[in-house]
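Participant: coordinates only, sequence not included:
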Ligand SMILES: Nc1ncnc2c1ncn2[C@@H]1O[C@H](COP(=O)(O)OP(=O)(O)O)[C@@H](O)[C@H]1O
Ligand SMILES: [Mg+2]
């Protein structure tokens, strides 16, 4: 199976604090991989180091066969890694639509199968190309078209964001804010989506809804690396999981196997 991301023997310290002590993991293309672990285990540090926000002292991060260790954040985004950070960090004074547009800011152009382009964004030019080359041919979308395409995709995943597109983000509910954070990351048209505790502070029903959408991203060909304290819900949608404890991987396995491990679930049930 092709690997989209591999982390090899990663070490990260904050001064004297050793947050990661030799972490290795793989994300196979098209799969959902989970990192489980208690507060302080090093989960956020791991994600930040992958997306270039925190430097490592040792080890490598490889994305699509390219070494991205110590590569600048913008270059990593350009390569197709989008990170929806812990605590959502959306722009509270801006509208939903403005927040989403910021997420799509770095997208230059994309290639999409004609059949996947919704009717309401097919311009004359796009229609002519599809007519000429068939619905299953790849169509090059320019920056403006790509923005519309990505926006349609986010709105079809999270219809509530379209209903509230002109609403100021600070007035959203917690669940809607999380949807906006994920939507904003998807606006960058990632091949790998990184999610840091999307379920934090949300009601169970909302968590279920958001996790269903995350599971659905596989059908769009997006690989997912998700960090969670909520082990049970996460293992239901993940293919594979790693358990992180004090900066080290202490357990790993197929999600379907780990979910039957009562001691593990007990330890990481999440509150
Ligand atoms: N900016 C920082 N400066 C110093 N220590 C930090 C910083 N960020 C995280 N840490 C420490 O690194 C360890 C791992 O933190 P973190 O990666 O946030 O874990 P998690 O996301 O699993 O809760 C913790 O001991 C935390 O206190
Ligand atoms: Mg964290």
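Facilitator: Nice, thanks for sending it over. No experiment lies behind these values; they were computed from the predicted model shown. Residues are numbered from 1 along each chain as shown. Ligands and ions are numbered 1, 2, ... in the order given.
Participant: and residue 254, how many neighbours?
Facilitator: 12 (other C-beta atoms under 10 Å). The way it works is simple: take the backbone N, C-alpha and C, and place the C-beta from them, glycine included.
Participant: wait, I meant residue 202
Facilitator: Around residue 202 there are 19 other residues, counting by other C-beta under 10 Å.
Participant: likewise for residue 50?
Facilitator: 25.
Participant: got the contact list for it?
Facilitator: Counting by C-beta atoms under 8 Å, 6 or more residues apart in numbering, residue 50 makes contact with 5, 7, 61, 68, 81, 83, 194, 225.
Participant: please, which helix or strand holds the second one?
Facilitator: Following DSSP states H and E, one finds residue 7 within strand 3-14.
Participant: ok, that strand near ligand 1 or not?
Facilitator: Yes. Using C-beta under 6 Å from any ligand atom, strand 3-14 reaches ligand 1 at residue 14.
Participant: roughly how far out does that strand sit from the chain middle?
Facilitator: 17 Å (C-alpha atoms, centre = their mean, to the nearest Å).
Participant: list the contacts of it.
Facilitator: For strand 3-14, contacts defined as C-beta under 8 Å, 6+ apart pick out 18-30, 42, 45-46, 49-50, 54-64, 81, 191-192, 223, 225, 247.
Participant: helix/strand/coil for residue 182?
Facilitator: helix (DSSP: H, G, I helix; E, B strand; the rest coil).
Participant: isn't it up against residue 199?
Facilitator: No. Using C-beta atoms under 8 Å, residue 182 and residue 199 do not qualify as a contacting pair, with a distance of 11.5 Å.
Participant: which of those two has more residues huddled nearby?
Facilitator: A direct count of neighbours by other C-beta under 10 Å for residue 182 and residue 199 places residue 182 higher, at 25 against 22.
Participant: name the nearest residue to the more buried one, ignoring sequence neighbours.
Facilitator: residue 84 (5.2 Å; C-beta to C-beta, 6 or more residues apart in numbering).
Participant: how many residues are close by the closest residue to residue 41 other than its chain neighbours?
Facilitator: Computed as C-beta to C-beta, 6+ apart, the closest residue to residue 41 that is not its neighbour in sequence is residue 244, at 4.3 Å. Neighbours of residue 244 under the rule other C-beta under 10 Å: 24.
Participant: so after the helix or strand encompassing residue 244, what's the next helix or strand?
Facilitator: Residue 244 is part of strand 240-245, with elements assigned from DSSP H and E. Per DSSP H and E, the first helix or strand lying C-terminal to strand 240-245 is strand 248-254.
Participant: roughly how far out does that next one sit from the chain middle?
Facilitator: The answer for strand 248-254 is 21 Å, by C-alpha atoms, centre = their mean.
Participant: any idea of the angle that strand forms with strand 240-245?
Facilitator: Using axes from the mean of the first three to the mean of the last three C-alpha atoms, to 10 degrees, one finds that strand 248-254 and strand 240-245 are set 160 degrees apart in direction.
Participant: touching ligand 1 at all, strand 248-254?
Facilitator: No. Strand 248-254 does not reach ligand 1 (C-beta under 6 Å from any ligand atom); its nearest approach is 11.8 Å.
Participant: buried ones in the helix or strand following that strand?
Facilitator: For strand 248-254, the succeeding helix or strand toward the C-terminus, using DSSP H and E, is helix 255-258. Within helix 255-258, the residues that count as buried by 16 or more other C-beta atoms under 10 Å are 255, 258.
Participant: what residue in the stretch 51-200 of the chain comes nearest to ligand 2?
Facilitator: residue 86 (4.9 Å; C-beta to the ion).
Participant: should've said the chain
Facilitator: In the chain, the residue that lies nearest ligand 2 is residue 44 (3.2 Å; C-beta to the ion).
Participant: I'd say that residue and residue 53 touch.
Facilitator: No. Using C-beta under 8 Å as the test, residue 44 is too far from residue 53 to be in contact (9.7 Å).
Participant: between those two, which has more neighbouring residues?
Facilitator: residue 44 (20 against 14).
Participant: need the contact list for the spatially closest residue to that one that is not a sequence neighbour.
Facilitator: Ranked by C-beta to C-beta, 6+ apart and with sequence neighbours excluded, the top spatial neighbour of residue 44 is residue 86, at 5.3 Å. The neighbourhood of residue 86, defined by C-beta under 8 Å, 6+ apart, consists of 44, 196, 197, 200, 227.
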